[in-house]
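Asks: sequence and predicted model, in that order:
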Amino acid sequence: SFNYFGQSYSQIYVNHNGDLTFDAPWYSYTPQRFPMYGSKDVIAPFWTDLDNRGNGDIYYIQYTSGSILQQVTQDINRYFPALNFQANWVFIATWHEVAYFPTTGTQTTFQAVLTTNGQYSFVLMNYGSIASTSRYAGYDTISSSHHFTIPGSFSSDATGPNSTFSLGSNVNVPGRWAFRVDHGSLVCNFNGRKTVTEDDESSPRIPLQQTFNYFGQFYSQIYVNDNGHLTFDAPWSSYTPQQFPMYGSTDIIALFWTDLDNRGNGNIYYVQHTSGSLLQRVTQDINRYFPGLNFQANWIFIATWHEVAYYPTSGTQTTFQAVLTTNGQYSFVLMNYGSIASTGSNMVLARCT
């Protein structure tokens, strides 16, 4: 059985149009942006309109022993150290030189590898040659509010010889993307208190339940600012990003510093926890990313900009999140990015002290 975000599955369907489903086959050839609202769990390595009648084949196979399990075990331990992972099952689905509909003769190759040891579950995505097309193509995995998206989905960067899928990676192996899916490595928490619905505004002063050591400066308060940044000493309305380092005394965490406006659509949330499952999840993530520290989170603060519009283009949707955590000795900032709408405006992802 395969644990997919807490749901255990004992069956799977390999669908022609570049996705895997668990409960039933799925013929959809029009990709949607994730998260999709509903109960369907989907793994979509390359969701678009494919047609293997003219050329291409789609294969699937699974293993419970042998050299493939050893190879996958080595890969997972390299990408996710300190878990001491030993694969006991691998499922591989491969779309090999399959054509887009209706352009027979185009050839696109990609692969999904599912693996588990009975406790941890992972999905690897391998991308070969991706033929050019004007059609949309999307990559995601989804389960309820949990999802991952490869940058470049639903854009001109998705296909062709310079496809971000084939050239990019989140594990430093071009064409390979790896995700842990038994619980998810994104916090994806949209609960908590909303900030005001005004342009260029900030949250009220938020007292922190645990002091946060930011490059040697201890802070006991924070402000969540509309335009994609956090500050400690005072609210900040700036919507024009600057190159870092900036010279001055303002400490900033700037996830996505640009001109945002949540009056038309989108919400900005913040919440903090000193106990519970999110602390356990962040503790696991930090120990995976920074092994050897024996980190145990005793506080997390989460700020989420959810489907917020750029100014003045109401209707655009951009989602990102900052997670601050500490154990009283070590401090970390996690930045999680969902769908980022296209814009001609300048923006900055950085931090300054």
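Replies: Ah, there it is. Numbers count the residues shown, from 1 in each chain.

Asks: please count neighbours and contacts with C-alpha atoms only from this point.
Replies: Noted.

Asks: any idea how far the residue of the chain most remote from its centre is from Val98?
Replies: Residue farthest from the centre of the chain, counting by C-alpha atoms, centre = their mean, is Gly54 at 34.8 Å. Distance of Gly54 to Val98, given as C-alpha to C-alpha, to the nearest Å: 8 Å.

Asks: repeat that for Gly266.
Replies: Taking C-alpha to C-alpha as the measure, Gly266 falls 38 Å from Val98.

Asks: so where do the strands sit in the stretch 1-150 of the chain?
Replies: For the stretch 1-150 of the chain, strands defined by DSSP state E, counting those that start in this stretch occupy the ranges 2-4, 7-9, 13-15, 19-21, 42-47, 50-51, 57-63, 89-100, 108-116, 121-127, 138-143, 146-148.

Asks: confidence-wise, which of these is weakest overall?
Replies: Sorting the strands of the stretch 1-150 of the chain by mean pLDDT places strand 138-143 lowest, at a mean of 48.

Asks: list the contacts of Thr108.
Replies: Shown in contact with Thr108 (C-alpha atoms under 8 Å, 6 or more residues apart in numbering): Trp95, His96, Glu97, Val98, Ala99, Tyr100, Gly128, Ser129, Ile130, Ala131.

Asks: could you dump the residues you listed into a markdown table with neighbour count added?
Replies: Listed next are the contacts of Thr108 as a markdown table, based on neighbours: other C-alpha atoms under 10 Å:
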| residue | neighbour count |
| --- | --- |
| Trp95 | 29 |
| His96 | 19 |
| Glu97 | 21 |
| Val98 | 28 |
| Ala99 | 24 |
| Tyr100 | 23 |
| Gly128 | 21 |
| Ser129 | 20 |
| Ile130 | 23 |
| Ala131 | 20 |
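
Asks: return the member of these nearest to Ser166.
Replies: Gly128 (6.0 Å; C-alpha to C-alpha).

Asks: thinking again about what came up before, any idea how many residues pack against the closest residue to the residue farthest from the centre of the chain other than its chain neighbours?
Replies: Leaving aside its sequence neighbours, Gly54 sits nearest to Thr104 (C-alpha to C-alpha, 6 or more residues apart in numbering; 5.6 Å). Applying other C-alpha atoms under 10 Å, we find 16 residues neighbouring Thr104.

Asks: correct me if wrong: Thr104 contacts Gly56.
Replies: No. Under the criterion of C-alpha atoms under 8 Å, Thr104 makes no contact with Gly56, lying 9.5 Å away.

Asks: which residues do these two both contact?
Replies: By C-alpha under 8 Å, 6+ apart, no residue touches both Thr104 and Gly56.

Asks: quick check: buried residues in stretch 209-228?
Replies: Residues of stretch 209-228 classed as buried: 210-214, 221-228 (neighbour count, 16 or more other C-alpha atoms under 10 Å).

Asks: from these, which is closest to Ser169?
Replies: Comparing the buried residues of stretch 209-228 against Ser169 with C-alpha to C-alpha places Gly228 closest, at 25.2 Å.

Asks: hmm, Leu260 and that closest one touching each other?
Replies: Yes. With contact defined as C-alpha under 8 Å, Gly228 reaches Leu260; the gap is 7.4 Å.

Asks: if I look at the spatially most central residue of the chain, how far off is Trp95?
Replies: Nearest residue to the geometric centre of the chain (C-alpha atoms, centre = their mean): Phe148, 3.8 Å. According to C-alpha to C-alpha, Phe148 and Trp95 sit 21 Å apart.

Asks: likewise for Ile58?
Replies: 5 Å.

Asks: what's Val113 in contact with, if anything?
Replies: Per C-alpha under 8 Å, 6+ apart, neighbours of Val113: Val90, Phe91, Ile92, Ala93, Val123, Leu124, Met125.

Asks: repeat that with 6 Å
Replies: Residues in contact with Val113 (C-alpha atoms under 6 Å, 6 or more residues apart in numbering) are Phe91, Ile92, Val123, Leu124.

Asks: out of everything not next to it in sequence, what's closest to the first one?
Replies: In this structure, Phe91 finds its nearest non-sequential neighbour in Gln62, 4.2 Å apart by C-alpha to C-alpha, 6+ apart.

Asks: how about the contacts made by Arg288?
Replies: Counting by C-alpha under 6 Å, 6+ apart, Arg288 touches Pro81.

Asks: tell me the contacts of the residue lying closest to Gly6 once chain neighbours are set aside?
Replies: With C-alpha to C-alpha, 6+ apart as the criterion, Gly6 has its nearest non-adjacent residue at 6.0 Å, and that residue is Asp182. Contacts for Asp182 (C-alpha under 6 Å, 6+ apart) come out as Asn3, Tyr4, Phe5, Tyr120, Ser121.

Asks: circling back: in strands, which of the buried residues of stretch 209-228 fall?
Replies: The strands, defined by DSSP state E, take in Gln210, Thr211, Phe212, Asn213, Tyr214, Gln221, Ile222, Tyr223, Val224, Asn225 from the buried residues of stretch 209-228.
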